[in-house]
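[1] What follows is a predicted protein model with its sequence.
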Amino acid sequence: MHALRRIIKTTLLAAIIVMPFVVLWQHRNITDWLRLRNYTPPSRIAELAQHTQMTDEARKLFYVHAPELNDRRAFNLNCAGFEQTIVLGCYITHKSIFIFDVEDSRLEGIEEVTSAHETLHAAYDRLSAAEKQNVDRMTKNAFDGIKNERIKQVVRSYEERDSTVVSNELHSILATEVRELPADLEAYYRRYFTNRQAVVAFSEQYESVFTEKQNRIKFLSEQIEVIENELRQQKTTIDEYENILSNDAEQLSALRQEGKIEEYNSRVGPYNNRVGQYRTLIAAYNVKVQKMNQIVEEHNSLAVEQKELINAIDSHQPSL
């Protein structure tokens, strides 16, 4: 009996000694369990996890941070202090994920990409030092082979503002916006997405809305510049004809007044020919002006649409 008591006491003492170490070792899992035990994701949050085809690990990470879809006011309050450029989501370290609720139907998919992006920030934070070193090596190698100028510019902007966040941002950007990645990095991202290409497709979908308008606006601007030059040249020719016709008209009037009818008649034909040519020039000029007006109208309409799209993703701008 005494031996049994000693065994029980020894076991309890060992448990008391070991327990703090177990809690320390498992603190993250314990904290996650406490956060998730009574958590039921709102339907739209669950849809974002489903649409991005998150793995169980990524979905758990997403839900642990109690993600919220915020309107402009709530988003600006929750993400205050982040860079004052356009921000679509923010990750509060080990605490929360906030996603800007973009209401413009032309930009469907943007919330899915933002959700995946911010979840990957949480995932990066949980990597060990050795894991981060390996992942950073893979993302750097992948980025060195990137041809997309937009993505390269985004990363350069992070480097200029705070180079310490570049590795973390690359970890999120490459996974959500780049279709083809090296095999080792692709294998790593399968830890978080059963089909990463689904997320990239969302990214390409809403990005194309911007790029198509931007490319069309650029094309129309170039067309406007070409037509403006042509109109200037035509106007110069028209002005020259007007001067010639004005001089011819004065000379014909003088000949008629002086009674030089024969000379007058000989010069009427060429004058009428030049008048015909002048009218043809005016007609061509007016056609080109009409074409110019149509192009300018389309250009301005697209510029308004582009501004609307930018406002739609900028939480600091009022709703249109």
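    Received, thanks.
[2] wait, doesn't Val209 sit right on Ile310?
    No. Under the criterion of C-beta atoms under 8 Å, Val209 makes no contact with Ile310, lying 11.2 Å away. For every residue, glycine as well, the C-beta is placed using N, CA and C.
[3] Between these two, which has more neighbouring residues?
    Legend: neighbour count by other C-beta atoms under 10 Å for Val209 and Ile310, higher for Val209 (18 against 12).
[4] Roughly how far does that one sit from Asn215?
    Per C-beta to C-beta, to the nearest Å, Val209 is found 11 Å from Asn215.
[5] can you map out the strands along the stretch 51-200 of the chain?
    Counting by DSSP state E, counting those that start in this stretch, the stretch 51-200 of the chain has strands at residues 68-70, 89-92, 96-100.
[6] if I pick the residue positioned nearest the centre of the chain, what's in contact with it?
    Among the residues of the chain, the one closest to the centroid is Glu207, at 5.2 Å (C-alpha atoms, centre = their mean). By C-beta atoms under 8 Å, 6 or more residues apart in numbering, the contact list for Glu207 reads Arg150, Glu177.
[7] run the last query once more with 6 Å
    For Glu207, no contacting residues are found, by C-beta atoms under 6 Å, 6 or more residues apart in numbering.
[8] State the next helix or strand along the chain beyond the host helix or strand of it.
    Counting by DSSP states H and E, the element that carries Glu207 is helix 196-257. Downstream of helix 196-257, the next assigned helix or strand under DSSP H and E is helix 261-313.
[9] re the thing from before, gap between the residue nearest to the centre of the chain and His121?
    20 Å.
[10] Same question for Lys235.
    Distance from Lys235 to His121, by C-beta to C-beta: 58 Å.
[11] now for the strands of the stretch 51-200 of the chain, which one comes closest to Ser43?
    Across these, Ser43 has its closest neighbour in strand 68-70 (10.6 Å, C-beta to C-beta).
[12] what lines up beside the closest one in the sheet?
    Paired strands of strand 68-70, with direction, are strand 96-100 (parallel) (DSSP bridges).
[13] distance between the strand it pairs with and the chain's centre?
    18 Å (C-alpha atoms, centre = their mean, to the nearest Å).
[14] What of stretch 65-82?
    Taking mean C-alpha positions (C-alpha atoms, centre = their mean), stretch 65-82 and its chain are 19 Å apart.
[15] try stretch 143-151
    15 Å.
[16] Please apply the same query to stretch 134-148.
    21 Å.
[17] Flag every buried residue along that stretch.
    Buried residues in stretch 134-148, counted by 16 or more other C-beta atoms under 10 Å: Val135, Asp136, Met138, Thr139, Ala142, Phe143, Ile146.
[18] Disregarding residues adjacent in the polypeptide, which is nearest to the last one?
    Okay, so that is Ile146. In space, and not counting its chain neighbours, Ile146 is closest to Lys152: 6.0 Å by C-beta to C-beta, 6 or more residues apart in numbering.
[19] how many neighbours does that neighbour have?
    12.
[20] Tell me the confidence at it?
    With respect to pLDDT, Lys152 scores 94.
[21] Equivalent analysis for Asp314, please.
    Looking at Asp314, its pLDDT reads 88.
[22] Give me the distance between it and Asp104.
    Taken as C-beta to C-beta, the span from Asp314 to Asp104 is 11 Å.
[23] Same question for Ile295.
    Between Ile295 and Asp104 the computed distance is 26 Å (C-beta to C-beta).
[24] Repeat that for Ser172.
    Distance from Ser172 to Asp104, by C-beta to C-beta: 23 Å.
[25] if we can go back for a sec, do you know how far the residue nearest to Ile146 is from Tyr158?
    Distance, Lys152 to Tyr158, by C-beta to C-beta: 11 Å.
[26] try Leu69
    From Leu69 to Tyr158 the distance is 25 Å (C-beta to C-beta).
[27] still on that earlier bit, name the residue in Ser172 and Asp104 with the higher neighbour count.
    Neighbour count, other C-beta under 10 Å: between Ser172 and Asp104, Ser172 has more, with 23 against 16.
[28] wait, doesn't that one sit right on Ala122?
    No. With contact defined as C-beta atoms under 6 Å, Ser172 does not reach Ala122; the gap is 9.9 Å.
[29] pLDDT at Leu48, what is it?
    Looking at Leu48, its pLDDT is 97.
[30] An error on my part: the question was meant for Asp32.
    Note for Asp32: predicted pLDDT of 86.
[31] quick one: contacts for it?
    Listed by C-beta under 6 Å, 6+ apart, the contact set of Asp32 reads Val64.
[32] Mind doing that once more with 8 Å?
    Lys60, Val64.
[33] so where's the stretch 1-150 of the chain shaky on pLDDT?
    Along the stretch 1-150 of the chain, the model assigns pLDDT under 70 to residues 1-27, 82-86.
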